[in-house]
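> generate coordinates for the sequence data below:
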Amino acid sequence: MGAGLRERKKSATRQALHEAAVALSIEHGLDKVTVEAIADAAEVSRRTFSNYFASKEEALLYGDQLRIRLLVDAVRDRPAAEPPWAALTGAALEVQQRLGARDPRWVTQVRMVRRHPALAAQQVSTYASMEDELTAEISSRAPWSAQCPVRARLMAAAFLASMRVAVQDWLDRPPGTQLADVMREALTEMGAAFH
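Numbers count the residues shown, from 1 in each chain. Next up, the predicted model:
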């Protein structure tokens, strides 16, 4: 089996486990879902589940990891001369436009994070795992990064926190409020600290 086919199969298995975790959590509630049930629903063994995810929370929030991966790639693709915070904001709005916020399963998943501390902890861990990559992207476009490397890390952490806060705040807004508008508002507020 070629490396490309092997990677596609691994990706499909990871996605199937994620989708099973989301579906079962929506149907039964996170507390009643077991790793065994997720593995069964995805038609893999418990051992296979463990090869992909450390917990049901990690499987459930795999979509967040994919979204952040898209975000890091979008930042990387922004014009090199664009200032760091502008690149972060532009990338966030671009990814949001591409993905939208209409997926009811994603909205339900986001709401679950509020009710389950274990999911909130997993989400913070997921965001933190991408912080290094974002820090590197910021440093690569910031003329001040050699003199003040901590600023790039602070900017990455502030950006990810702003994104998380924007999504949580959006859930409390009146129906019809656009997530992109709330993101723009949060990023503008936070970005003022970096000008």
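> give me the buried positions along the worst-scoring helix or strand of the chain on mean pLDDT.
Ranked by mean pLDDT, DSSP states H and E, the weakest helix or strand in the chain is helix 104-115, scoring a mean of 83. Residues of helix 104-115 classed as buried: 106, 109-110, 112-113 (neighbour count, 16 or more other CB atoms under 10 Å). Every residue, glycine included, has its C-beta placed from N, CA and C.
> same deal with stretch 132-152?
133-139, 141-142, 145, 151-152.
> swap in stretch 20-40?
20-22, 24-26, 30, 33, 35, 38-39.
> now swap in stretch 119-132 and tell me
119-120, 122-123, 126-127, 130.
> between the residues you listed, which is nearest residue 78?
residue 130 (16.1 Å; CB to CB).
> okay, the residue nearest in space to the middle of the chain and residue 6: tell me how far apart.
For the chain, the residue nearest the mean C-alpha position is residue 64 (3.0 Å; CA atoms, centre = their mean). Here residue 64 is placed at a distance of 25 Å from residue 6 (CB to CB, to the nearest Å).
> could you do residue 176 as well?
Counting by CB to CB - residue 176 and residue 6 are separated by 45 Å.
> the more surrounded of those two?
Neighbour totals were compared for residue 176 and residue 6, and residue 6 leads with 10 against 5 (other CB atoms under 10 Å).
> which residue ranges make up the domains of this structure?
Domain segmentation of the chain under automatic domain parsing yields 3-59, 61-194.
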